[in-house]
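Colleague: The sequence and its predicted three-dimensional model are supplied below.
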Amino acid sequence: METQQPKTMDDPKNRHKDACKAGSAVDAELASAIMARQFHPPVTGPEVWEGYVFSGLEILIKESTDLYGAVLWPSAMVLCHFLENNQDKYNLLDKNVIELGAGTGLVTIVSSLLGAKVTSTDLPDVLGNLQYNVTRNTKGRCKYTPLVTELIWGQELDQRFPCATHRFDYILAADVVYAHPYLQELMDTFEYLCQENTQILWAMRFRLDPENSFVDRFRQCFHLEELYDLPSLSIKLYRAWRRDSTTKDLREAAKH
Ligand SMILES: C[S@@+](CC[C@H](N)C(=O)[O-])C[C@H]1O[C@@H](n2cnc3c(N)ncnc32)[C@H](O)[C@@H]1O
């Protein structure tokens, strides 16, 4: 299957240069705190690495610039920053977590470092690089070894992730909504995986109309709460849960 290469995406490497130019003081402060997580590791040679600090640990991510799934997008940093700083409310310890469109794996790595049992998923083309980064940064550092596996949105979900045996406390997703032709399949995947006690934590960058209409459609199936709004990065972070679940269900689920 071909990896989708969205025509409307800008270069993530340049994106954060504009951070903090606009928006409220809170936005600017938060955006710069998130972007300060990145450092340039002293790795020489032909390989390109990006360095990040989360959970008090250095994380080295290998990117390969030929695929969108092999580049780290700032929404992933926003989601990681949130998870690390909100462990009192969103404690991932011993929780079942699935990440959709994991790309280079930063969210999977940070969730694993925070104690979650993570299933990290993406298209077949990017799994090699994803597995490499996940192993490199979690081996010997995590309570549970993360599982890296293929999940093509909307395909074979009931065969590969039967509801009876695959119950997730959290679905994590960073920058999976953009101008690609699989938005309905992505929506179907959220709907399929999100059970009564599941919470979705989803960071997205707003670029063009597809993002806005996806959010509108998403609201028809899920309750949506805005957790972060970072205008300087054009990124929002949402929490979502099924329309037929109550907040009480989720509070009860969070206790176990
Ligand atoms: C913009 S990248 C974001 C990557 C990562 N979450 C991050 O924030 O750095 C979008 C991700 O979605 C994955 N993706 C795109 N279409 C997909 C599909 N139909 N099924 C599963 N994953 C898909 C891509 O391979 C890529 O990893």
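Modeller: Received it, and whenever you're ready, just let me know what you need. Numbering: from 1, shown residues only.
Colleague: Spell out which residues of the stretch 151-256 of the chain are next to the ligand.
Modeller: 151-153, 174-176, 180, 182 (C-beta under 6 Å from any ligand atom). Any C-beta I mention is one placed from the backbone N, CA and C, and that applies to glycine too.
Colleague: Over to residue 222: give its phi and psi.
Modeller: phi -130, psi 150 (degrees, to the nearest 10).
Colleague: partners of the residue nearest to it when sequence neighbours are not counted in the sheet?
Modeller: Spatial nearest neighbour of residue 222, excluding adjacent residues (C-beta to C-beta, 6 or more residues apart in numbering): residue 240 at 4.1 Å. Listed beta-bridge partners, residue 240: residue 200, residue 224 (assigned using DSSP bridges).
Colleague: sorry, back to before: neighbour-wise, which one of the residues of the stretch 151-256 of the chain next to the ligand leads?
Modeller: Within those, residue 174 tops the neighbour count with 27 neighbours, counted by other C-beta atoms under 10 Å.
Colleague: for that one, phi and psi?
Modeller: Dihedral angles (degrees, to the nearest 10) for residue 174: phi -130, psi 120.
Colleague: Okay, it and residue 54: tell me how far apart.
Modeller: Using C-beta to C-beta, to the nearest Å, residue 174 is found at 13 Å from residue 54.
Colleague: what's the answer for residue 29, then?
Modeller: Counting by C-beta to C-beta, the gap from residue 29 to residue 54 is 18 Å.
Colleague: These two: who's more crowded?
Modeller: Comparing residue 29 with residue 54 by other C-beta under 10 Å, the one with more neighbours is residue 54, at 21 against 12.
Colleague: Please verify my assumption that that one contacts residue 112.
Modeller: No. Between residue 54 and residue 112 there is no contact under C-beta atoms under 8 Å: 10.8 Å.
Colleague: before we move on, the earlier item: measure the residue nearest to residue 222 to residue 28 for me?
Modeller: Using C-beta to C-beta, one gets 26 Å for the distance from residue 240 to residue 28.
Colleague: now residue 194
Modeller: On the measure of C-beta to C-beta, residue 194 and residue 28 end up 33 Å apart.
Colleague: quick one, what contacts the spatially closest residue to residue 189 that is not a sequence neighbour?
Modeller: Spatial nearest neighbour of residue 189, chain neighbours left out: residue 153 (4.6 Å); criterion: C-beta to C-beta, 6+ apart. Applying C-beta atoms under 8 Å, 6 or more residues apart in numbering to residue 153 gives the contacts 100-101, 182, 185-186, 188-189.
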